[in-house]
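Undergrad: Provide a 3D model corresponding to the input given below.
(2 chains)
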Amino acid sequence: MTGVDPPDDRVVVQSPPGPATRMNPDSFGAAFAASSRALWCIAVAIVKDRTMAHDIVQEAAVVALRKLDEFDARTSFAAWAGQIVRFVAMNERRRRIRAGGHEAAGVSGEAAGVAAAIPSTDLELHGKLAAAVGTLDDTARACLLMRTVMDMSYKDIAATLAIPEGTAMSHVHRSRQSLRTMLAPAWEGTPGSKGVAR
Amino acid sequence: MTAKGTNPRVDQYVDGLLQAGAREQFERDAAADPALADELAMQQWIDQELRGMYAYEPAQAAPAPIPLVQVRSRFWKAAAIAATLLIAVAGIWLVVVQQTKPAPVHNFGFIPPDQVYAKLEADWKPEEVCTEDDKFQAAVEKRLGSPLLLASTPNVTALGWTYTGRFRGTIIGDRTMILLTNVGDAKVMVLMDRASSDRKLEPDPTGRLSAFRRKVGDLVLYEVTPLKAPTVIDHLYDPRQGKPGGPGR
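TA: This is a model prediction of the structure:
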C-alpha cells in the first residue's frame, strides 16, 4: 500500500496487512462508551452546542453500529467513530445553515445560566473568548477542548482525530496563542490583568 | 507579555511540557517580568473559562419509571399496567420497523468527478497498489459484491486503488472505488460502484474532462478522462461472464 498525502492534515489510516478482523456488536457499546467524551468534543467543536453535541454522538452511534462490518478491529475504533461523528456533525451544521439558522459564535446550551454565573466585569471578556474560540477551525478547536477540558494526552487526541501527535500539539499551542492575541486588547484593565503596559 | 501574546513558553508551561529546571526558570522569569506573568495569568483564565464553557456532562438518562406501588387505586394500577404494555408494544413495533426499513442514506454532499480528479491529479498515486488479477478481482468483489477484471490492453497501465474516505462527500454511492490508470501519458480514473447506487454525475464545467459510463453486471463504471474517448472501461469485465478477449491484465 502506498501512502498518499491526505487532503488536509489527516493521516490516511491504513489497515495492517492481512485479513480484516471484525468487531463483535456486543463489544461495540463498551468501545463507544469509552470514546464518548472525546467524540463529544469533536461534535461540540463543530456544532458549538453542548446539548446538540450529545444528540450528534447518539446519532453517530446508530450510524456506526449499522456500518460496524466496515470497521477493521485492528485499527483505532476512536478514529473510526470520530470520523463518523465528524460527518454527522458537519451534516447537522449544514442542515441548520440551510434551514436559515446560523452558526453559534461560541458555545450555546445553558448559555443564560453560564452568563448569569459570570461577574459583569468579566462578561464582556467571556463573550469575546466565546467568539474567539468560534473563529478557530474545527480540528484545532477539537484539539484544544480535548486537551484543556478533557485533559487528554496528545497521543489519545492524535488517535481520535487520526492526525499526527505533533500536529495535535501544534493545533493546541497555536489555538492558545491565537486566543491570547485576540483577547489581549480586552484583557487590559480587567481584574485578572496586572495592568501591564504593552 | 510579548507584543502579540504568543510566548511559546507559556503554552509549554501550562501544558506541563517543561522539564523541572526549565519550569523553575520560567517561574523565576515570570516573577521578574510582569508582561510574562500577565500573559500566563491570561492563559490560565482562558483555560478556566473553557473548562466552564465546555464542561462535559454525560447525556441525561431517561427519566426513572414511576413505581406502580405509588398508584393507589386498582383502576389506575390496571390503567398504568395497560399503558406500560402499550408503550412496550409500541416500542417493539418501532424497533422492528426501524430494523426492517432500509438504512437511511447519510448524504454528506455529492462531489463532482472533476473535483475528485483534480485532487488526485496532483499526486497520481494509488493508496493500494494492485498488480495481480486475483487481488484486483477480490478487492472489487469484497467492496461492491461483484467481481471485476481488467483485460490486458496495450498502452493502459492500472496503478491501483484509491478510496473515497479522503473525500468528504459521496462520489457515486457510499462504496465508490477509484481505479487510477495511465493511458500513455494521460491520467485516467475509473469510478465504480454498485449499479443500484448509480446517479447522474455532474459534467466538468471547464470541459477539460469527459466522463463515459458503462454498466457491467451489477456494477456501474464511469471513466473520467482528459481523452476524447474511453480507453479503459471497455476492457473491464465480469469474469463470471467470460473474458472479452486476450489473457488477463
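Undergrad: all helices of chain B, in order?
TA: Using DSSP state H, the helices of chain B run over B:8-14, B:20-32, B:34-53, B:74-100, B:113-121, B:133-144.
Undergrad: same check, this time on chain A
TA: Under DSSP H, chain A gives helices at A:25-47, A:50-66, A:77-98, A:111-116, A:120-135, A:138-148, A:154-161, A:165-187.
Undergrad: In terms of mean pLDDT, which of the helices of chain B ranks lowest?
TA: Comparing mean pLDDT across these, the weakest is helix B:74-100, with a mean of 60.
Undergrad: By mean pLDDT, point me to the weakest helix or strand of chain A.
TA: Here the helix or strand of chain A ranked lowest by mean pLDDT, DSSP states H and E is helix A:111-116, holding a mean of 40.
Undergrad: How many neighbouring residues does the closest residue to chain B within chain A have?
TA: Nearest to chain B, among the residues of chain A, is residue A:180, at 3.6 Å (Cβ to the nearest Cβ). Yep, even glycine has a C-beta here, placed from its N, CA and C like the rest. Using other Cβ atoms under 10 Å in any protein chain shown, residue A:180 has 23 other residues around it.
Undergrad: What residue, apart from its backbone neighbours, is nearest residue B:12 spatially?
TA: residue B:18 (5.1 Å; Cβ to Cβ, 6 or more residues apart in numbering or on different chains).
Undergrad: Surely that neighbour is in contact with residue B:26?
TA: Yes - with contact defined as Cβ atoms under 8 Å, residue B:18 reaches residue B:26; the gap is 6.0 Å.
Undergrad: which stretches of chain A have low pLDDT?
TA: Where chain A drops to pLDDT under 70, the residues are A:1-18, A:101-123, A:190-198.
Undergrad: 80 - rerun?
TA: Scanning chain A with the threshold set as pLDDT under 80 gives A:1-21, A:25-26, A:99-124, A:189-198.
Undergrad: pLDDT score assigned to residue B:130?
TA: 76.
Undergrad: excluding its backbone neighbours, what's nearest it?
TA: Of all residues not flanking residue B:130 in the chain, residue B:160 sits nearest, at 4.6 Å (Cβ to Cβ, 6+ apart).
Undergrad: so that neighbour sits right up against residue B:132, yeah?
TA: No - counting by Cβ under 8 Å, residue B:160 sits too far from residue B:132 to count as a contact (10.9 Å).
Undergrad: Settle it for me: which of these two has more neighbours?
TA: Set side by side, residue B:160 and residue B:132 show more neighbours around residue B:160, with 20 against 11, by other Cβ under 10 Å.
Undergrad: show me what contacts that one?
TA: Applying Cβ atoms under 8 Å, 6 or more residues apart in numbering or on different chains to residue B:160 gives the contacts A:2, B:126, B:127, B:128, B:129, B:130, B:131, B:179, B:180.
Undergrad: and residue A:36, how many residues sit next to it?
TA: Residue A:36 has 21 neighbours, counted by other Cβ under 10 Å.
Undergrad: what do you get for residue B:185?
TA: For residue B:185, the number of neighbouring residues by other Cβ under 10 Å comes to 6.
Undergrad: Look up how far residue A:140 lies from it.
TA: Counting by Cβ to Cβ, to the nearest Å, the separation of residue B:185 from residue A:140 is 40 Å.
Undergrad: got a list of what residue B:31 touches?
TA: By Cβ under 8 Å, 6+ apart, the contact set of residue B:31 is residue B:37.
Undergrad: For chain A, see how far away it is.
TA: For residue B:31, the distance to chain A (Cβ to the nearest Cβ, to the nearest Å) stands at 12 Å.
Undergrad: so residue A:129 makes contact with residue A:187?
TA: No - Residue A:129 is beyond contact range of residue A:187, at 9.8 Å (criterion: Cβ under 8 Å).
Undergrad: Just give the number of residues close to the residue nearest to residue B:12.
TA: 16.
Undergrad: Please apply the same query to residue B:124.
TA: The number of residues packed near residue B:124 is 15, by other Cβ under 10 Å.
Undergrad: pLDDT score assigned to the spatially closest residue to it that is not a sequence neighbour?
TA: Distances taken as Cβ to Cβ, 6+ apart place residue B:187 nearest to residue B:124, at 5.2 Å, with adjacent residues excluded. What the model reports for residue B:187 is a pLDDT of 94.
Undergrad: Neighbours of residue B:187, how many?
TA: With other Cβ under 10 Å as criterion, residue B:187 counts 18.
Undergrad: which residues are common contacts for residue B:18 and residue B:26?
TA: residue B:9.
Undergrad: residues in contact with the residue nearest to residue B:124?
TA: Contacts of residue B:187 (Cβ under 8 Å, 6+ apart): B:117, B:120, B:121, B:124, B:180, B:181, B:226.
Undergrad: hmm, which of those residues are the buried ones?
TA: If you count burial by 16 or more other Cβ atoms under 10 Å in any protein chain shown, the buried members of the contacts of residue B:187 come out as B:117, B:120, B:180, B:181.
Undergrad: of those residues, closest to chain A?
TA: residue B:120 (8.5 Å).
Undergrad: Was I right to think the closest one contacts residue B:181?
TA: No - the pair residue B:120 and residue B:181 does not pass the contact test of Cβ under 8 Å, sitting 11.6 Å apart.
Undergrad: which neighbours do these two share?
TA: Residues touching both residue B:120 and residue B:181 by Cβ under 8 Å, 6+ apart: B:187, B:189.
Undergrad: Dump the contacts of residue B:187 to TSV, plus distance to residue A:170.
TA: Converted to TSV, the contacts of residue B:187 look like this (distance: Cβ to Cβ, whole Å):
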residue	distance to residue A:170
B:117	31
B:120	27
B:121	29
B:124	29
B:180	31
B:181	37
B:226	38
